[in-house]
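Colleague: Got a sequence here, can you model it:
(chains A, B, C and D)
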Number of protein chains: 2
Amino acid sequence: MGKLVTEMLKGTLEGIVLAILSGRPAYGYEITAWLRDQGFSDIAEGTIYALLVRIEQRGLVDVEKVPSEKGPPRKVYSLNAQGREYLEEFWTTWSFLAGRLEQLREGGK
Amino acid sequence: MGKLVTEMLKGTLEGIVLAILSGRPAYGYEITAWLRDQGFSDIAEGTIYALLVRIEQRGLVDVEKVPSEKGPPRKVYSLNAQGREYLEEFWTTWSFLAGRLEQLREGGK
DNA sequence: TTCAGCTATTCGGCGTTGCTAGGTACTGGT
DNA sequence: ACCAGTACCTAGCAACGCCGAATAGCTGAA
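Modeller: Numbering: from 1, shown residues only, chains lettered A, B, ... in the order given. Reported below is the predicted structural model:
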């Protein structure tokens, strides 16, 4: 992909990460690897870490430092109540946008 | 809506406008009004004009100045071949992203 | 023992994007 | 003369994701 997906990720990447965390707690390195696996080949590591800091500061996640056998300690993030609430809002907004886009795509044929 | 949708629009608004233009030529003021009508209540006029300038400079649209009875002349934009090609790419990227989000949403239940 | 390579996180500077807030200009009605 | 509606443009700002580099711990091969 490239620039197109980069710009589209603005605003959605946050929701993606929150959605991941809604399923299970996770840490940055793990999330990055998983996203790459899912086809988000060009997501920068630094982007994820910065995002995690942001959502932590906004109080959407809880953090726990967990030692790792294979390297430095991990910062494991888990979605809290406020985070779940915010994720709901995200899905609402996403649905709105996706709906409009869907309509436009139909109309354009 | 608010900040959430603003961030999500980054990258998608361009596609939205191109999709509109793929159906029919249009000018800025008209596009803004139509978007507001479609529920994008907080899209700023300046945003659309700036976007139109950008896609013109990238050669995705052709422009024609058309006199108006009710004000200054309109700048009517129409999608050209390069624009259609780019719009295809946009839809591909969008589909990818929407697919991943859909999966995440399912999984999160 | 050393050094490469994987794990794991952090930081500063950059480009793109949308918003804010203001301005310009033309027309028609009061 | 004035104001509302039409139509466009601009400068400065904030947020986000990317790039490049640095730091730090652990393991296994040379």
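
Colleague: quick one: contacts for A:Glu89?
Modeller: With contact taken as CB atoms under 8 Å, 6 or more residues apart in numbering or on different chains, A:Glu89 is in contact with B:Leu4. All C-beta atoms are positioned from the backbone trio N, CA, C, and that covers glycine.

Colleague: Give me the buried stretch members for stretch A:89-101, please.
Modeller: By 16 or more other CB atoms under 10 Å in any protein chain shown, the buried positions in stretch A:89-101 come out as A:Phe90, A:Trp91, A:Thr93, A:Trp94, A:Phe96, A:Leu97, A:Ala98, A:Arg100, A:Leu101.

Colleague: do you know how far the fourth one is from B:Arg58?
Modeller: Taken as CB to CB, to the nearest Å, the spacing of A:Trp94 relative to B:Arg58 amounts to 27 Å.

Colleague: Likewise for A:Arg24?
Modeller: The value you get for A:Arg24 to B:Arg58, if CB to CB is used, is 42 Å.

Colleague: Flag every buried residue along stretch A:41-51.
Modeller: A:Ile43, A:Thr47, A:Ile48, A:Tyr49, A:Leu51.

Colleague: show me what contacts the last one?
Modeller: Taking CB under 8 Å, 6+ apart, we find A:Leu51 in contact with A:Leu13, A:Glu14, A:Val17.
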